[in-house]
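Colleague: got a predicted structure here, sequence first:
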Amino acid sequence: MSAAKLIHGYEVVIGFETHAQLSTKSKIFSRASTEFGKEPNTQACAVDLALPGTLPVMNRAAVECAIKLGLALGSHIAPRSVFARKNYFYPDLPKGYQISQFEIPVVQGGAVSFFLDGEPKTVRLVRAHLEEDAGKSLHEDFIGQSGIDLNRAGTPLLEIVTEPDMRSSEEAVAYAKELHKIVTWIGMCDGNMQEGSFRCDANVSVRKPGAPLGTRREIKNLNSFKFMQQAIDYEVRWQIEQIEDGREIHQATVLFNPETGETRAMRTKEDAADYRYFPDPDLPPLVIAPEWIERVRSEMTELPRAMAERFVRDYGLPEYDAATLTQSKSMAAYFEETVKPCGQPKLASNWIMGEVSRRMNADDIGMEQLPVSAARLAALISRIHDSTISNNAAKEVFDALWNASGDLVSDAGARSVVDAIIEAKGLKQMNDSGELEKIIDEVLAANPKNVEEYKAGNAKALNGLVGPIMKASKGKANPAQVNDLLKKKLG
């Protein structure tokens, strides 16, 4: 749990419920396809439509997704869990109830750990339970009426519920991003927030420090990290204003309007008792044998946290670098492919987190569209390390690589491309000490005042000599070599 960050004397308390759509080809209790974007009601079978006589059958792949998440988050995977009927009426729920889990969920406990501004944070999980999604009400294309699309009905979900451990919108967003990274990393969810594959509900309340928990309001269906922070910040301000004006906060479900930047109440919030949960008589208990869990464990990819620890241990990287580089599988792979030929992990880390990420953000592209191969970046880093070029010159080479056509992935080919750019642009550093000493002697003779000040103990006077030397060498002198030779000559 995090230390309290007070806003106008109030502590913010946030818990999350995240619906992660599972990456299965068929629905959780039927064989209907889960493919997104099809014509309304073309992906719904008799089971999804709740036609009389139909019975649900558990999707094994959905259970494996739950096992993967439990293993990734250090949770207890229940050897026996139970499905329940969550009863409520809504037009897009044909059965009049949703099949979910209540008293005994499949995943219990666990935690999500991450960094926020360089500080480690941990959010505890209550549970993650399997359930089916509802359909969708359509309002835009109809005048005076609504349509119902049941393509989404029965789509498998894992609802991931946290303790109320977060104390700011920044921390809530950092948690959501870390969870998003984990579910996409292990392949249980594609994480597409625009298509509703990763939907977050934030339970927000405020209280005076040391007071009991305040009344929470649930912000539903936050589908972008930007809107998530805006919605929580507005809700916090609104609740504080209500309390300060002497009004009560009533438990409610609210929606965020990105156009106005405001939340508005949609309905009063129900409690569990209102849903009249009871065990689903059509589904037997879900039994997960230890052997099944171990098989899934053996097939899982290296987890981001374990990979970050390996980057610290094997490459000597700072924890922050390791955590940043393991934000995605593709970035982590790019880093390791860069380090292998150049052998300079810290330089590689600096470039990937710096110039590479800056250009990706500027061009709004992902790692998959990166125009500079790992082999080419490795060749560039090697030329920095062996002092062929300076860091500033390397940025020119990188720009040329970014805009180059084609892609040579072999180490030899990449080196030749980098060397050709260096030669064509005349960026090779002047490492000939004889030629450099001649320039230094001329600059020293032309700047006697700086020489006297440095010898008198003013170390900053050295900078007044380095500048003219770099200018005389047309920026090709090695700055480190310049400093060394200057200090030797000046005693």
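Modeller: Looks like it arrived, so ask away. Numbers count the residues shown, from 1 in each chain.
Colleague: next, count neighbours for Glu423.
Modeller: 10 (other C-beta atoms under 10 Å). Yep, even glycine has a C-beta here, placed from its N, CA and C like the rest.
Colleague: no wait, Val466
Modeller: 17.
Colleague: centre of the chain to the top strand by length along the chain, how far?
Modeller: Identified as the longest strand of the chain according to DSSP state E is strand 119-132. Put simply, strand 119-132 sits 15 Å off its chain's centre (C-alpha atoms, centre = their mean, to the nearest Å).
Colleague: next: stretch 446-455.
Modeller: Between the centre of stretch 446-455 and the centre of its chain there are 53 Å (C-alpha atoms, centre = their mean).
Colleague: change the start of the numbering to 768 and stick with it
Modeller: Got it, the first residue is 768 from now on, which makes the last one we talked about stretch 1213-1222.
Colleague: identify each buried residue in it, please.
Modeller: Buried residues in stretch 1213-1222, counted by 16 or more other C-beta atoms under 10 Å: 1214, 1217-1218, 1220-1221.
Colleague: stretch 871-891 too?
Modeller: 871-877, 879, 881-883, 888, 890.
Colleague: average pLDDT for it?
Modeller: Stretch 871-891 carries an average pLDDT of 93.
Colleague: now do that stretch: distance from first to last residue.
Modeller: 18 Å (C-alpha to C-alpha, to the nearest Å).
Colleague: check which helices and strands the longest strand of the chain sits against.
Modeller: Here strand 886-899 touches helix 827-839, strand 864-867, strand 874-875, strand 878-883, strand 923-929, helix 936-952, going by 3 or more C-beta pairs under 8 Å, 6 or more residues apart in numbering; DSSP states H and E.
Colleague: what average pLDDT does the first one get?
Modeller: It refers to helix 827-839. 98.
Colleague: and Trp848, how far is that from Thr922?
Modeller: Check again: residue 848 is Ser, not Trp. 20 Å (C-beta to C-beta, to the nearest Å).
Colleague: looking at these two, which one has more neighbours?
Modeller: Thr922 (27 against 21).
Colleague: next one: phi and psi at Ser904?
Modeller: Here is the backbone geometry of Ser904 (degrees, to the nearest 10): phi -90, psi 130.
Colleague: burial of it, as a residue count?
Modeller: Counted with other C-beta under 10 Å, Ser904 comes out at 12.
Colleague: who's in contact with it?
Modeller: 858-859, 913-916 (C-beta atoms under 8 Å, 6 or more residues apart in numbering).
Colleague: pLDDT score assigned to it?
Modeller: On the pLDDT scale, Ser904 is placed at 88.
Colleague: cool, and Glu1037?
Modeller: 68.
Colleague: may I see the buried residues of stretch 977-991?
Modeller: So stretch 977-991, judged by 16+ other C-beta under 10 Å, has buried residues 981, 983-987, 989-990.
Colleague: tell me who's in contact with the residue nearest the centre of the chain.
Modeller: Computing the C-alpha centroid of the chain and ranking residues by C-alpha atoms, centre = their mean puts Lys944 first, at 3.9 Å. Counting by C-beta under 8 Å, 6+ apart, Lys944 makes contact with 881, 992.
Colleague: name the helices or strands packed onto the helix or strand of the chain with the lowest mean pLDDT?
Modeller: The helix or strand of the chain with the poorest confidence is helix 1246-1257; it has a mean of 76 (mean pLDDT, DSSP states H and E). With contacts taken as 3+ C-beta pairs under 8 Å, 6+ apart, helix 1246-1257 sits against helix 1200-1213, helix 1215-1222, helix 1230-1239.
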